[in-house]
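**Student:** Give me the fold of what follows.
(2 chains)
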Amino acid sequence: MLNNDPLENILYIDLSKRMFKVEKRRDLFEKYMGGAGVATALLHEECPEDCDPLGPDNPIIFAVGPLTALFPLASKTVAMFKSPLTGNLGESHCGGRSAVAIRMAGYGAIVIKGASSMPVYLSIASNQVYFRDASSLWGMGNFATGRIIRENETGAGLRAIMRIGRAGEKLVSYACVTSETFRHFGRLGLGAVFGSKKLKAIVVSGKSSLPVSDKKIYKKIYDEVYKAAVDSPVMKKYHDLGTAENIMPLNDFGGLPTRNLKEARFEGASGISGETFAEQYLGRRLACSHCPVGCIHIAALREPYEDEAYFYKTSMISYDYESIYSLGSMLGISSASDFLKLMDKVEALGMDSMSLGVILAWATEARERGLISEKETGGTKLEWGNVKEYMKVAGYIVSQPNDFYKALARGVEHAASIYGGENYALAFGGNEMPGYHTGPGTHLGAFIGARHSHLDNGGYGIDQKTLVNRKMKPEELIDILLEEERWRQVLSSLVVCFFARGIYSPELVTRLLGIAGFDLSTDDLQRIGREIHNEKYRFKIREGFAVDTLRLPERIFETPSPINWLNERYIKDALKYAHKTILKELDAEH
Amino acid sequence: MRLAVLETEKCIGCQSCMFACSRIHGEAGLSASCIGVRSIGGMERGFTVIVCKACEDPPCAKVCPTQALTSRKGGGIHFDADKCIGCGHCRDACIIGAVFWDDETNKPMICVHCGYCAGFCPHGVLGLQKREAEDAEQ
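**Tutor:** Predicted coordinates for the structure are as follows:
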């Protein structure tokens, strides 16, 4: 890396002592580049074994990469922490302005430890951290919190405001952190870790310049990347209808989880399709900093007040494929406006819409089957498609008036361990399932992915592109998934958006890294990806994870998927092989 | 030809123009950018795109005590960095906020209307316009 690159600066903040320091950690960035790699190394350094995810020892780590603010599409921030949902490796990625703001403030990573005795928010700029009293913000939702901090702080246009809603304050295990109103560190409960530290928000801003190895070549390569981004058909797809475009194809394919995956086709899919949202509700499209694609789709929902004529409320609500699946088809909701109302409520509370949808779906089926009754729900009716009641339940999960809602607030794995119905509690490694029932690729991908996310290795894509045409031995499928996940460690260490993975080929990455002063070959990249993946698994195993002890929700075998040879035997064989392979890999490194 | 904001409502807030402006000034990052793109009180309301308007009678030049800023024929400003003492009056005088500041040199960043940024706007929000055309529209 270049000598004067501020990427090497790591900002350490101690919330207990209200102190901060900056350390130069060139060693980490030279070894792992940034993002996921550096954050994993910091997690090993900072997170004590067996620590309580909601205790002061659990660190919050943010990391960006060498290409951030240098090239388009490298604008994700990687957050790393111990997850209160799974009790293991917590990793979540967020776009918006977060990564560029951290990089422009002059840092490559931020580590937050300790816990405050009173609510605070942090205001971070170059060489300065202010600990601000957030007592008056405590109890406020995501929207109001953002509005107040916006007005109290400088740096408009150059800042990110990452905050929690009430779900984070109440330690809901899948509470999210929201940045720029519509982007999230969505998965695995970073919001609860914020809440446990009485940390309501972080505002970070900056406007610096970055060194490059050769200004002339920099401009030339920049033009190449920019052109590829705006001309690529994949990127056009994300800009036009956005990720919601996938609703109809997945439904036609028979892979859209519906009503807690009792079915994989939704008769009401067209009501919540990308086309329906675009035609009837699309109000604005937005982009993350330094990304010309602009995949963020915001619906404008106009609702009349029931008690007075000619009064309307217009809400701007973001939608994406995953949230439409989890709060739509998974709950039998077939109306776009119903989905938007629920989504808006979930955004204000600050919860992961994916986890919440899966939990609500499990609870609805558990009630259908008589495992829970109105005694537990306190009179609320959990029934497919009943959005008003789902909105109430979302509120109760945050306010937690009884043991049932307290259990729901800890995730579907936990709730089912108390109330039963494990065979249809759709969590993989403790994390609620993503929106794909496409075949063995997606489920194995979620089982073995280091953060149990569909984006770890894109297994749903292998189902749709390859497995639909030919059967594959479990060993071959696992090898492909692991190989993909290793490469994605490189991308997420450069904090490149996975939507741009087609553009950021290994060859291009080496050239771009050259501009940032990293002399790495494509072989080096492969090696680094492998090392990072191993380091993640080393952490997971340290914290008690083992692939061969994963709970397999039987529902995935009961409901037919488009790949008709998906069965329990196959998945078990594959997991056995994955377990062996991962352990062998770790041994070989030492 | 002068830089103009042609259609603010089409701005998606990607800030590619801001990075382009820095690059044409020889810098990677944002410190040398003469463009400001920020939300209008939250992204849901859209963006304001701040660029130099190329005023016919520019307030920034009027308040400059050292004649570092002078009017250019046909609108816009010429900046002579050697004469600038970094007093910041120009920044205060520009009520649209188009005089940006370079904290490293403690001097203003003034748009030269080169139009490089417009080439990096994916939706035609920014473009170069002839003064006459602008006048005819008004």
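
**Student:** ok, for residue 97, nearest residue in space, not its chain neighbours?
**Tutor:** You didn't pick a chain, so chain A it is. Excluding the flanking residues, the one nearest A:Arg97 by CB to CB, 6 or more residues apart in numbering or on different chains is A:Ala160, at 4.2 Å. No exception for glycine: its C-beta is placed from N, CA and C like everyone else's.

**Student:** switch to chain B, that's the one I care about
**Tutor:** Using CB to CB, 6+ apart, the nearest residue to B:Gly97 is B:Ile50, at 5.2 Å.

**Student:** what residues are up against that neighbour?
**Tutor:** By CB atoms under 8 Å, 6 or more residues apart in numbering or on different chains, the contact list for B:Ile50 reads B:35-38, B:96-98.

**Student:** Pretty sure the residue nearest to A:Arg97 sits in a strand.
**Tutor:** Yes. With DSSP: H, G, I helix; E, B strand; the rest coil as the criterion, A:Ala160 is part of a strand.

**Student:** That one reaches A:Val203, doesn't it?
**Tutor:** Yes. With contacts counted by CB atoms under 8 Å, A:Ala160 reaches A:Val203, the gap being 7.1 Å.

**Student:** and residue 125, how many neighbours does it have?
**Tutor:** Just so you know, I chose chain A. Using other CB atoms under 10 Å in any protein chain shown, A:Ala125 has 21 other residues around it.

**Student:** um, chain B though
**Tutor:** B:Val125 has 23 neighbours, counted by other CB under 10 Å.

**Student:** now the residue lying closest to A:Leu494 once chain neighbours are set aside: how far from B:His123?
**Tutor:** Nearest non-adjacent residue to A:Leu494, counting by CB to CB, 6+ apart: A:Gly65, 4.4 Å away. According to CB to CB, to the nearest Å, A:Gly65 stands 27 Å off from B:His123.

**Student:** The two: which has the busier surroundings?
**Tutor:** The neighbour comparison of A:Gly65 against B:His123 (other CB under 10 Å) goes to A:Gly65, with 33 against 18.

**Student:** before we move on, the earlier item: tell me the contacts of the residue nearest to A:Leu494?
**Tutor:** A:7, A:33-35, A:74, A:99, A:108, A:493-496.

**Student:** Let me have those in TSV, extended by neighbour count.
**Tutor:** Converted to TSV, those look like this (neighbours: other CB atoms under 10 Å in any protein chain shown):
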residue	neighbour count
A:Leu7	30
A:Met33	30
A:Gly34	29
A:Gly35	34
A:Ala74	28
A:Ala99	32
A:Gly108	29
A:Ser493	27
A:Leu494	28
A:Val495	29
A:Val496	26
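
**Student:** Confirm that the residue nearest to A:Leu494 lies within a strand, as I assumed.
**Tutor:** No. According to three-state DSSP, A:Gly65 belongs to no strand; its state is coil.

**Student:** related to what we said a few turns ago, which strand residues bridge the residue nearest to A:Arg97?
**Tutor:** A:Val204 (DSSP bridges).

**Student:** neighbours around A:Phe549, how many?
**Tutor:** Phe isn't right for residue A:549; it's Thr. A:Thr549, neighbours per other CB under 10 Å, totals 9.

**Student:** now the one 5 residues further on
**Tutor:** Close neighbours of A:Glu554, defined as other CB under 10 Å, add up to 13.

**Student:** right, and it touches A:Gly421 too?
**Tutor:** No. At 10.7 Å, A:Glu554 and A:Gly421 do not qualify as touching, with contact defined as CB under 8 Å.

**Student:** so what's the closest residue to chain A within chain B closest to, chain neighbours aside?
**Tutor:** Minimum separation of chain B from chain A (CB to the nearest CB) falls at B:Arg38, amounting to 2.9 Å. Counting by CB to CB, 6+ apart, A:Gly157 is the residue found nearest to B:Arg38 once chain neighbours are left out, at 2.9 Å.

**Student:** of the contacts of B:Ile50, buried ones?
**Tutor:** Among those, those classed as buried by 16 or more other CB atoms under 10 Å in any protein chain shown are B:35-38, B:98.

**Student:** Show me which of those is closest to A:Tyr174.
**Tutor:** The closest of the buried ones among the contacts of B:Ile50 to A:Tyr174 turns out to be B:Arg38 (CB to CB; 31.5 Å).
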